[in-house]
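Peer 1: dropping a prediction and its sequence here:
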Amino acid sequence: MAIPHPVQTLAEDRPFHPKDAVKSAIQGGLVGGGAGLLLSAMQNSLAKQNVGAWGVFSRTGSTIATFTAVTTVYSFSKDATANLREKDDAFNTTVAAFLGGATIGLRSGRMPRILGFGAAFSVVMTVFAYTGGSLRGTQSEVSGIDEYDRKEYLRRNRRRPIEETIAVLGEGRGIQPPGYEERRRERLKQTYGVEIKPVSALAN
C-alpha cells in the first residue's frame, strides 16, 4: 500500500552553506585547551610531590597542549573537508577524527601508533556521527536545526488535506468543513422533520 503523503527529506530544503574552518578551529582549540587545563590541574593535584601551582604548566603542561592540538585539528579538518566536498555528512567526521587521532600519536613519533590512534579515533567518531551524533538518540528526519523548527517542519510535513480527513472520519465531532451547517440542517430535516433556522450573531 502506497503512502498517500510520503515524507519529504530535509536535504532538498537545506542546501550546503560554507563553514568558517578557522573560526571553528579557534573555538575548538579554546574548548580543548580548557578541558586540558582542567585535566592537567587534576593530575597536578594528585602528584605525590609538592610541585606548586605552576606545575599545571611545567609538569603536566603536555596534557593541555595535546587537548588543544587535537580539538583544533579536528574542528578545522571537519569544516575544511565539508567545504571542499560541499556536503555535511559523516565522512567529514571520519577525516577529521583520523587527523585528530593521529595528532595524539605524534607524541610517540612512531608511525604505527600514529595510524593506530587515527584509525581508532576515526572509527569511534564516525559511528557516533553516523548514528545521530547525540547520546539522547538520533533525529534522522530533521537534523541540524533547533527543536522548535524541527517540530514545525514535522507538523507541516504530516498535515493531511481536510478532504482526506473527512473521507476517513466523516463530518462532525469538531470536523466542520465548508457547508457543514447547511448539510447538518438538511439531515435533521430529513430525519426528524425539524427545520432549524440559522441564528445570526447580529440579531437583537
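Peer 2: Ah, there it is.
Peer 1: run through the chain and note the low-pLDDT ranges.
Peer 2: Low-confidence segments of the chain (pLDDT under 70): 1-14, 133-146, 158-160, 162, 165, 167, 169-177, 198-204.
Peer 1: what about the helices in it?
Peer 2: 21-45, 55-58, 61-85, 90-105, 111-130, 147-158, 162-169, 180-192 (DSSP state H).
Peer 1: closest to P15 out of those helices?
Peer 2: Across the helices of the chain, P15 has its closest neighbour in helix 61-85 (12.9 Å, C-beta to C-beta). (Each C-beta comes from the backbone N, C-alpha and C, glycine too.)
Peer 1: buried residues of that closest one, list them for me.
Peer 2: For helix 61-85, a neighbour-count test (16 or more other C-beta atoms under 10 Å) marks 61, 63-64, 66-83 as buried.
Peer 1: same check, this time on stretch 149-158
Peer 2: Result for stretch 149-158 [16+ other C-beta under 10 Å]: buried residues R150, Y153.
Peer 1: swap in stretch 119-135?
Peer 2: Within stretch 119-135, the residues scored as buried using 16+ other C-beta under 10 Å are F121, S122, M125, T126, A129.
Peer 1: okay, the fourth one and E163: tell me how far apart.
Peer 2: In this case it means T126. Look at T126 and E163: by C-beta to C-beta, to the nearest Å, they are 46 Å apart.
Peer 1: can you dump the C-alpha coordinates of stretch 35-49 into PDB?
Peer 2: Listed next in PDB are the C-alpha coordinates belonging to stretch 35-49 (Å, rounded to 0.1, in the frame of the first residue of the first chain):
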ATOM      1  CA  ALA A  35      39.500  20.700  29.100                       C
ATOM      2  CA  GLY A  36      43.200  20.000  29.000                       C
ATOM      3  CA  LEU A  37      43.800  22.700  31.700                       C
ATOM      4  CA  LEU A  38      41.200  21.100  33.900                       C
ATOM      5  CA  LEU A  39      42.700  17.600  33.500                       C
ATOM      6  CA  SER A  40      46.200  18.900  34.000                       C
ATOM      7  CA  ALA A  41      45.200  20.600  37.200                       C
ATOM      8  CA  MET A  42      43.700  17.300  38.400                       C
ATOM      9  CA  GLN A  43      46.900  15.400  37.500                       C
ATOM     10  CA  ASN A  44      48.900  18.100  39.300                       C
ATOM     11  CA  SER A  45      46.800  17.900  42.500                       C
ATOM     12  CA  LEU A  46      47.200  14.100  42.600                       C
ATOM     13  CA  ALA A  47      51.000  14.300  42.400                       C
ATOM     14  CA  LYS A  48      52.900  12.900  45.400                       C
ATOM     15  CA  GLN A  49      55.500  15.700  45.300                       C
END
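Peer 1: fine by me, we can end here.
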